[in-house]
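1. Structure of the sequence below:
(one chain, ligands or ions: 2)
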Amino acid sequence: MKPTLYIVIPCYNEQEVLPITAPEFLQEIRKLQKNEMISEESRILFIDDGSKDNTWSIISDLARKDKTYCGIRQSRNRGHQNAVLAGLMEAKGKCDITISIDCDGQDDINAMDDMVKAYLDGCEVVYGVRSSRKTDTFFKRFTAQSFYKFLNRMGAEVVYNHADYRLISSRVLEEFANYKEVNLFLRGMVPLVGFKSTSVYYERHERIAGESHYPLKKMLALAFNGITSLSVKPLSMITGFGLTVSFLSFLGVLWAIIAQVVGNTVAGWASIICIVCFMGGIQLVCLGVIGEYIGKIYMEVKGRPRYIISERTDDKLENK
Ligand code: UDP
Ligand code: MG
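-> Ligands and ions are numbered 1, 2, ... in the order given. Got it, this is the predicted structure:
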């Protein structure tokens, strides 16, 4: 049976872009339907993320004109990641696959063909990965690449050059729904769910119209959220740092004692140095230990699933 596809598109103040890109999404759906790759029930789902312009009325008009379009509206602006999540959860029970994509025409819509093909070949998650950053300014390219490297170094594993253009099967979404955390960093969370995945490469274009909602400040906030949501490594680093400082303090104490014995110090200097070094080291180690516990509490509080089963031998028996 042909799978039902929902294209999930977050929109925030996109009145200039939407009238241009909405027909392109429809065209893609029609093409996939013509090629017998997806069912007739497939839809384009817009999520209006509390826009202040005419975005919602444009979405409502589209939905009136063609039943392939549908939309939901958030009660207020909650940010890109929350908008995508709202769309995925809305689509979950109604379809077999979702593809999330921005509405600004930057991501190549044609890559959806390969994504659906990969799904039909047995992949449950397909990441859209930018093949090059030619269209970016040097600054954007440099900051974005540093962003991915830094994230990985900090223990938050993300697919290099992949943003939020991806196919997820509803089966993976069912499991993903058990990740109840409020601070979202979807591109880091999806790989945690597991299942067979692959990547599809595409060229990213410039924004068709309107302005980016991700200035440097928001990008840094996203990076910080990514690290602190996925990893407790910064806390563990305090322990490592504390141990290093303790070792250096030990050397400092030795130095103070030797200087005292050799006799070229003022009275009281050695004892002060010894106390300062000792306290410095011990305080950081203690902070590190507390950090380790806080890290554990943080991970426990998230209540993430402890295991996810992807296959059972019984399934195969039933299928026979
Ligand atoms: N977006 C959203 N809520 C926000 C900000 C952005 O839903 O608070 C949507 C926006 O409409 C677009 C996507 O998220 O479809 C990506 O935003 P944008 O294109 O501004 O980011 P960039 O591509 O410049 O990183
Ligand atoms: Mg964009």
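
2. from here on, contacts and neighbour counts on C-alpha atoms
-> OK.

3. For the stretch 51-200 of the chain, what lies in contact range of ligand 1?
-> Residues of the stretch 51-200 of the chain lying close to ligand 1 by C-alpha under 6 Å from any ligand atom are 77, 79-80, 83, 102-104.

4. could you pull out the helices for the protein?
-> For the chain, the helices defined by DSSP state H occupy 18-34, 55-65, 80-92, 111-120, 138-153, 170-176, 186-193, 216-230, 233-262, 269-302, 313-319.

5. looking at the protein, which residue lies furthest from center?
-> Distance from the centre of the chain peaks at residue 263, with 60.1 Å (C-alpha atoms, centre = their mean).

6. any idea how far it is from residue 269?
-> Residue 263 sits 11 Å away from residue 269, going by C-alpha to C-alpha, to the nearest Å.

7. can you check residue 110 too?
-> For residue 110 relative to residue 269 (C-alpha to C-alpha), the value is 72 Å.

8. ditto for residue 12
-> Distance of residue 12 to residue 269, computed by C-alpha to C-alpha: 63 Å.

9. Kindly report the same for residue 234.
-> 35 Å.

10. same check, this time on residue 254
-> According to C-alpha to C-alpha, residue 254 and residue 269 sit 13 Å apart.

11. one step back: now the common contact residues for residue 263 and residue 269.
-> Taking C-alpha atoms under 8 Å, 6 or more residues apart in numbering as the criterion, residue 263 and residue 269 do not both touch any residue.

12. Quick one: residues contacting the residue nearest the centre of the chain.
-> The residue lying closest to the centre of the chain (C-alpha atoms, centre = their mean) is residue 187, at 2.6 Å. Neighbour list for residue 187: 158-159, 162-164 [criterion: C-alpha under 8 Å, 6+ apart].

13. List only buried entries from the residues you listed.
-> 158, 162-164 (16 or more other C-alpha atoms under 10 Å).

14. tell me which of these is nearest to residue 296?
-> Comparing the buried ones among the contacts of residue 187 against residue 296 with C-alpha to C-alpha places residue 158 closest, at 21.6 Å.

15. Skip the chain neighbours and tell me the closest residue to the closest one.
-> residue 188 (5.1 Å; C-alpha to C-alpha, 6 or more residues apart in numbering).

16. Tell me how many other residues crowd the one you found.
-> The number of residues packed near residue 188 is 19, by other C-alpha atoms under 10 Å.

17. need the helices of the chain in a markdown table with mean pLDDT, can you?
-> Below are those laid out as a markdown table (pLDDT from 0 to 100):
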| stretch | mean pLDDT |
| --- | --- |
| helix 18-34 | 94 |
| helix 55-65 | 95 |
| helix 80-92 | 96 |
| helix 111-120 | 95 |
| helix 138-153 | 81 |
| helix 170-176 | 94 |
| helix 186-193 | 91 |
| helix 216-230 | 84 |
| helix 233-262 | 88 |
| helix 269-302 | 89 |
| helix 313-319 | 66 |
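
18. In a markdown table: these, plus distance to residue 199.
-> Listed next are the helices of the chain as a markdown table, based on distance: least, C-alpha to C-alpha, whole Å:
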| stretch | distance to residue 199 |
| --- | --- |
| helix 18-34 | 19 |
| helix 55-65 | 30 |
| helix 80-92 | 19 |
| helix 111-120 | 8 |
| helix 138-153 | 16 |
| helix 170-176 | 16 |
| helix 186-193 | 12 |
| helix 216-230 | 21 |
| helix 233-262 | 27 |
| helix 269-302 | 28 |
| helix 313-319 | 27 |
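
19. among these, which is nearest residue 1?
-> Proximity to residue 1 (C-alpha to C-alpha) singles out helix 111-120 among the helices of the chain, at 10.7 Å.

20. Can you point out the buried residues in that closest one?
-> 111-113, 115-116, 118-119.

21. what residues are up against residue 74?
-> 47-50, 83.

22. want to throw the buried residues of helix 111-120 into CSV with distance to residue 134?
-> Below are the buried residues of helix 111-120 laid out as CSV (distance: C-alpha to C-alpha, whole Å):
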residue, distance to residue 134
111, 18
112, 21
113, 23
115, 23
116, 26
118, 26
119, 29
